[in-house]
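In: Dropping a prediction and its sequence here:
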Amino acid sequence: MPRSDKMNPFKRAEVRAREAEYQAMWQACERVARKDEYQQSTVPVRLVILREALTGLLEKRRVTGKQMCNTNLELMIERHLRREAMPRSQFRDRTLRANPNNEAFNDNNVPPAMGLAPSPLPRVEVPPMIKYDHDAHPQIHPSQYPRPLARDHSSSEGYPPPILENHPHNITLYNELAACRTDRCVLLHRLNALEDEVNRTSNLVSILFNELHPEIMSTPPTPETMGLPEHDEMMEGVDL
């Protein structure tokens with residue numbers, strides 16, 4: 001008998017609700033990550049965007065009556081950012097080390113058949129590392145420099161992932177960025193309210209002006225109001 005059948009019905013429903021909430025949050029992160037605004041942003045801005053998207057999702061699920069399982073929002077964001085930061089080469093190396101079909105490669109280094117549970121990422125050939133002969137060029141020998149040379153990122157180790165540490169300075173920047181975005185939304189709402197108030201005041205002034213000076217609306221325009229002189233020299237002597 002499967003283990004799920006032996007589980008208490010209430011416990012089973014709780015497990016399913018927790019899995020559904022986790023999957024919904026992860027899919028929300030994936031949808032946000034495909035947008036151009038997210039892809040062109042830096043890591044601190046991405047963190048704020050993901051937090052806003054997940055907060056809105058959880059609020060929507062709460063309003064619609066979904067069971068809330070209190071999934072750790074910050075841990076979800078950290079996992080998503082770490083997965084983005086991990087290079088494909090490192091992910092492939094880690095997957096190949098855990099793949100039981102590594103021994104199935106023949107002498108020609110041909111990948112195993114598709115029916116043997118291949119690696120989830122395509123096989124990518126890593127270019128060999130270029131080794132320079134420093135003895136042939138003594139003027140650029142590394143021993144002449146007090147500092148160590150920069151790491152060659154074209155090696156098989158791939159690009160190093162950005163360090164995502166909970167440094168107090170980084171946390172302060174994240175909080176300031178979130179506060180700036182909130183202030184921007186508040187200022188936009190205030191600006192719209194002020195524009196509506198100005199429009200209402202302008203309409204009220206027009207109505208009061210028409211009530212105080214009704215003769216302006218009833219009197220036809222005169223030459224002075226039309227910008228023409230009463231006696232035009234060109235019109236003298238003309239019989240109308």
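Out: That came through, no problem.
In: okay, now Leu173: neighbour count?
Out: Leu173 has 13 neighbouring residues, counting by other CB atoms under 10 Å. For glycine as for every other residue, the C-beta is placed from the backbone atoms N, C-alpha and C.
In: Likewise for Tyr38?
Out: For Tyr38, the number of neighbouring residues by other CB under 10 Å comes to 17.
In: do Leu177 as well
Out: 15.
In: any idea which element it lies in?
Out: helix 168-212 (DSSP states H and E).
In: show me where pLDDT drops low in the protein?
Out: Low-confidence segments of the chain (pLDDT under 70): 1-7, 87-170, 216-240.
In: if you set the cut-off to 90 instead, what comes out?
Out: Within the chain, the set of residues satisfying pLDDT under 90 comprises 1-18, 20, 33-48, 51-52, 55-56, 58-193, 196-197, 200, 202-240.
In: mind giving me the domain ranges of this structure?
Out: Following the assignment in automatic domain parsing, the chain carries domains at 1-90+155-163, 168-218.
In: What is the helix holding Leu177 packed up against?
Out: Counting contacts by 3 or more CB pairs under 8 Å, 6 or more residues apart in numbering; DSSP states H and E, helix 168-212 is packed against helix 43-63.
In: And the closest residue to Cys69 other than its chain neighbours, which helix or strand is it part of?
Out: Distance criterion CB to CB, 6 or more residues apart in numbering; nearest residue to Cys69, sequence neighbours excluded, is Arg18 at 4.3 Å. Secondary-structure assignment from DSSP H and E places Arg18 in helix 9-33.
In: Next, the angle helix 43-63 makes with that helix.
Out: 140 degrees (axes from the mean of the first three to the mean of the last three CA atoms, to 10 degrees).
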